[in-house]
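>>> what's the 3D shape of this:
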Amino acid sequence: MKRFYLIALCLAAALSLAAQQVYSVVTCPAQNTATAMQVSWGADSALASTWVEYTLATDASWARAKRVAPQQHQWCTTYDGIYSAQPGQKEMWEHHRFWKNGARLTGLKRDTPYKYRIVAHDGTPMSQVHHFKTSGARHWSACIISDFHTWTPLPGRLAAAMAMVDTVRAVDPSVDWVLSLGDVVAWGASYSYWQRMYAEPNFARYMWAGLEGNHDHMSRRGQGVAGAGGLSDAYFRDAHYLPPNGYAGQEGVCYYFHYGDALFVMLNNEAMHDEAGREQAKAWLKRVAKREKHKYLVVCMHYEWFDGPTGKPFMYDWFHDTFDACGVDLALAGNSHIYNRSHAIYQGRVTDGTRRGTVYIQSTSSDNGRGRDAGTLTHSLDFIARHWSEGTHTVSAMLLDVDPRRMTVTLYDRTGRLIDQATIPAKRK
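Here you go, the predicted structure:
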């Protein structure tokens, strides 16, 4: 027994050392999540050859495991020479040069749990085991969370968000994946923040489908890779391996994917600061919505539809005509740190949602420190059905529950108390 314990201890120590050489492992959606998934990871310079080893979650001995070489393998300097801050709010420069890898796992079985790990060329495990479940079930659910601004000087931010994911899982233990609506790190250019976030167990449990928020797009004090003021999509793009199906210039940042009967279209607000940029995004959305078969259409971006405290229309004004034309069922956003949920809206009027109309929802922050007082609505009083915040220390997340008849979105606070709920009936056969 003592000899077995020593062997196990040595193996654990070896894996711990290996894990320091491989990091930021995350499961991303492929375009069709029923038969494919994508995996992103970083590896130290000494590990020029790493692979994904995957198998069914039930394969305890990994006897039926397959290995896939990365389709993306590039030397990454995106995060090198970045002014940042570390625990103790110590100001410093971050230097990160590594192999950025991305692998697409194909030929997967529908509605099936899988597991994988990153291995060296000789098969040595280099990461902990990660899990995901392919789509294909008629009934599925996802946790929706945003704006937790991972910042290592204040570890409580990330802890609060991960505890909130745990709360949603306690409400629904069968949650299949997580949808994040941006601003998951304080400064996207600080790679150590991505590394710390991806080390959380909830990133090993699920597929995470994310989008770029303004914080994910920025560096501290405007210093970073080429781009105005150190702003760049590269910080978000190189921390993921997303489907390259976005429009020109936005490949790997804007993207779409299918999960079950739902088509999710992920937009990047940082590419929409002028009318030309917004028109390009709208045209792409229209093409995708027309081409891709779906029962439900969900569009996600970071910036809010309505101003958080007042309800004054913001992104709603620019997109509602396009959403009406495309038949968007659910529009999700974050950024304002205040929850607003609308009735179903079509052509500027509230509908019963059975045949037409988009429900607009924007999430709160979930870091227990950057929330805002709800304030008093002075605009869109006919549109907004629920307006909520806990103030500075707000923490919440949503549960999206989907079957062929309807989507239900439920907002929960950190204790698991139901705050709001909306049901969106299926409008397509």
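>>> Quick check, residue 42 in contact with residue 100.
Yes - at 5.9 Å, residue 42 and residue 100 qualify as touching, with contact defined as CB atoms under 8 Å. Heads up, the C-betas are built off the backbone N, CA and C, glycines and all.
>>> Which residue ranges of the stretch 51-200 of the chain form helices?
156-171, 191-198 (DSSP state H, counting those that start in this stretch).
>>> From the contact counts, what lies against the last one?
Right, helix 191-198. Packing partners of helix 191-198 (3 or more CB pairs under 8 Å, 6 or more residues apart in numbering; DSSP states H and E): strand 22-29, strand 82-86.
>>> Okay, buried residues for the shortest one please.
When neighbours are counted by 16 or more other CB atoms under 10 Å, the buried residues of strand 82-86 are found to be 82-85.
>>> Also the longest one?
Of the residues in strand 22-29, those buried under the neighbour-count criterion (16+ other CB under 10 Å) are 22-29.
>>> before we move on, the earlier item: ok, which of the helices of the stretch 51-200 of the chain comes nearest residue 320?
Shortest separation from residue 320 across the helices of the stretch 51-200 of the chain is recorded for helix 156-171, at 29.0 Å, computed as CB to CB.
>>> What helices and strands are in contact with the closest one?
Applying 3+ CB pairs under 8 Å, 6+ apart, one finds that helix 156-171 makes contact with strand 140-145, helix 201-205, strand 396-402, strand 406-413.
>>> Turn those into JSON lines, including mean pLDDT and mean neighbour count.
Compiled in JSON lines, these are given as follows (pLDDT from 0 to 100; neighbours: other CB atoms under 10 Å):
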{"stretch": "strand 140-145", "mean pLDDT": "98", "mean neighbour count": "24"}
{"stretch": "helix 201-205", "mean pLDDT": "98", "mean neighbour count": "17"}
{"stretch": "strand 396-402", "mean pLDDT": "98", "mean neighbour count": "25"}
{"stretch": "strand 406-413", "mean pLDDT": "98", "mean neighbour count": "19"}
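>>> Please render these as JSON lines that adds distance to residue 375 to the earlier fields.
Output for the helices and strands packed on helix 156-171, formatted as JSON lines (distance: least, CB to CB, whole Å):
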{"stretch": "strand 140-145", "distance to residue 375": "22"}
{"stretch": "helix 201-205", "distance to residue 375": "31"}
{"stretch": "strand 396-402", "distance to residue 375": "17"}
{"stretch": "strand 406-413", "distance to residue 375": "18"}
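>>> Burial check on residue 156, number of neighbours?
The burial count assigned to residue 156 is 12, neighbours taken as other CB atoms under 10 Å.
>>> Look up the pLDDT of it for me, please.
Confidence at residue 156, expressed as pLDDT, is 97.
>>> same deal with residue 394?
98.
>>> hang on, it packs against residue 364?
Yes - applying CB under 8 Å as the test, residue 394 and residue 364 come out as touching, 4.7 Å apart.
>>> Among the two, which residue is more densely surrounded?
When residue 394 and residue 364 are compared for neighbours, residue 364 comes out ahead with 30 against 27, by other CB under 10 Å.
>>> which residues sit in contact with that one?
By CB atoms under 8 Å, 6 or more residues apart in numbering, the contact set of residue 364 is 147, 337-339, 371, 388-390, 394-396.
>>> In strands, which of these fall?
By the criterion of DSSP state E, membership of the contacts of residue 364 in strands covers 337, 339, 388, 396.
>>> List the beta-bridge partners for the third one.
Right, the one you point to is residue 388. Using DSSP bridges, the beta-bridge partners of residue 388 come out as residue 339.
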